[in-house]
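>>> generate coordinates for the sequence data below:
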Amino acid sequence: MSTVPASQVAGDGSASGDRSRMVALLLTQFFAGGLVLFVAALLVISETAQSSYDGGTSAIGWAITAVTGALASMIVALAVGVPLRIVSTLTKWWLRNGEVTLAGALVGAAACWFVVATSPVETLVDNLGTYTTHLPNPWALGAAWALFTLSIAHFVWPARWKRHARR
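Here you go, the predicted structure:
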């Protein structure tokens, strides 16, 4: 198994080059990761709601909830991951071992799906009618969502899989 030299991972050694690369990575992760989290939150919300879609009002409510959830999740995940960005040994390890973030994202997404898919289905009645909905365990869904969010917020493509690392 080959390893990637620190000079290729952490930059060329110049502090301003490393800093600008890390800021670009942070912004990319915030917006791209936020989009991924928005789509995932929308899927979780629509799956748990099942037949409670009543038109435009539900779609707008789901979208607002998904945006709010994705934004809050991304901010918390980035705050929790601050040590990855400021402690140089952690940063080098994180950038060299992107497989961890990839595995975390896949396991977290699968766990979110599993928690929702295996949750009990309940029938709810309100003034508009009768609906069926999933009621997932909030602790299990929260743990799965946290793993998914942390992995997406700090996602790095595995260095060994990059084309220049094979040379």
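
>>> got the buried residues for the helix or strand hosting residue 20?
Secondary structure from DSSP states H and E places residue 20 in helix 15-49. Across helix 15-49, burial judged by 16 or more other Cβ atoms under 10 Å covers 22, 29-30, 33-34, 36-38, 40-42, 44-45, 47-49. Any C-beta I mention is one placed from the backbone N, CA and C, and that applies to glycine too.

>>> now for it, which elements pack on it?
Contacts defined by 3 or more Cβ pairs under 8 Å, 6 or more residues apart in numbering; DSSP states H and E place helix 15-49 against helix 56-80, helix 98-117, strand 129-134, helix 138-153.

>>> roughly how far does the residue lying closest to residue 123 once chain neighbours are set aside sit from residue 122?
Of all residues not flanking residue 123 in the chain, residue 132 sits nearest, at 5.5 Å (Cβ to Cβ, 6 or more residues apart in numbering). To residue 122, residue 132 is 7 Å away according to Cβ to Cβ, to the nearest Å.

>>> may I see the helices and strands packed on helix 15-49 organised as JSON lines, with mean neighbour count added?
Shown next, in JSON lines, are these (neighbours: other Cβ atoms under 10 Å):
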{"stretch": "helix 56-80", "mean neighbour count": "15"}
{"stretch": "helix 98-117", "mean neighbour count": "17"}
{"stretch": "strand 129-134", "mean neighbour count": "14"}
{"stretch": "helix 138-153", "mean neighbour count": "19"}
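
>>> mean pLDDT lowest where, among the ones you listed?
Note on those: lowest mean pLDDT is at strand 129-134, with a mean of 80.
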